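Peer 1: Dropping a prediction and its sequence here:
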Amino acid sequence: MGVVIIVLTQCYSGMVSDVYATGRVLTDMGIALGHDMTLEACFTKLSYLMKKIPNDKAQIVKLMS
């Protein structure tokens, strides 16, 4: 299946976005942007999706974003 990578921020406010060039480069590489998800929310959502869709990395990345 490959590796699913999700970019999160540790800032108190704000979010990860593809508005700027860095975010666009990451999305072009197939990396999911976590937007304003907390680490705990990201882990829970990713765990759920990996159980429901075990062999479709592209679909998981799409749903995580």
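Peer 2: Looks like it came in fine. Numbers count the residues shown, from 1 in each chain.
Peer 1: for this protein, longest helix please?
Peer 2: In the chain, taking DSSP state H as the definition, the longest helix is helix 39-52.
Peer 1: This structure: strands as residue ranges?
Peer 2: Using DSSP state E, the strands of the chain run over residues 6-7, 32-33.
Peer 1: out of those strands, deepest packed?
Peer 2: strand 32-33 (a mean of 22; mean count of other Cβ atoms under 10 Å). For glycine as for every other residue, the C-beta is placed from the backbone atoms N, C-alpha and C.
Peer 1: coming back round to it: determine the set of other helices and strands touching the longest helix of the chain.
Peer 2: Applying 3 or more Cβ pairs under 8 Å, 6 or more residues apart in numbering; DSSP states H and E, one finds that helix 39-52 contacts helix 57-64.
Peer 1: quick one: the spatially most distant residue from the centre of the chain from L63, how far?
Peer 2: Ranked by distance from the centre of the chain (Cα atoms, centre = their mean), the top residue is Y12, with 18.2 Å. From Y12 across to L63, the span is 26 Å (Cβ to Cβ, to the nearest Å).
Peer 1: How about K52?
Peer 2: From K52 to L63 the distance is 9 Å (Cβ to Cβ).
Peer 1: These two: which is more packed in?
Peer 2: Shown here are K52 and L63; by other Cβ atoms under 10 Å, L63 has more neighbours (15 against 11).
Peer 1: Please give me every residue in contact with the more buried one.
Peer 2: 49, 53 (Cβ atoms under 8 Å, 6 or more residues apart in numbering).
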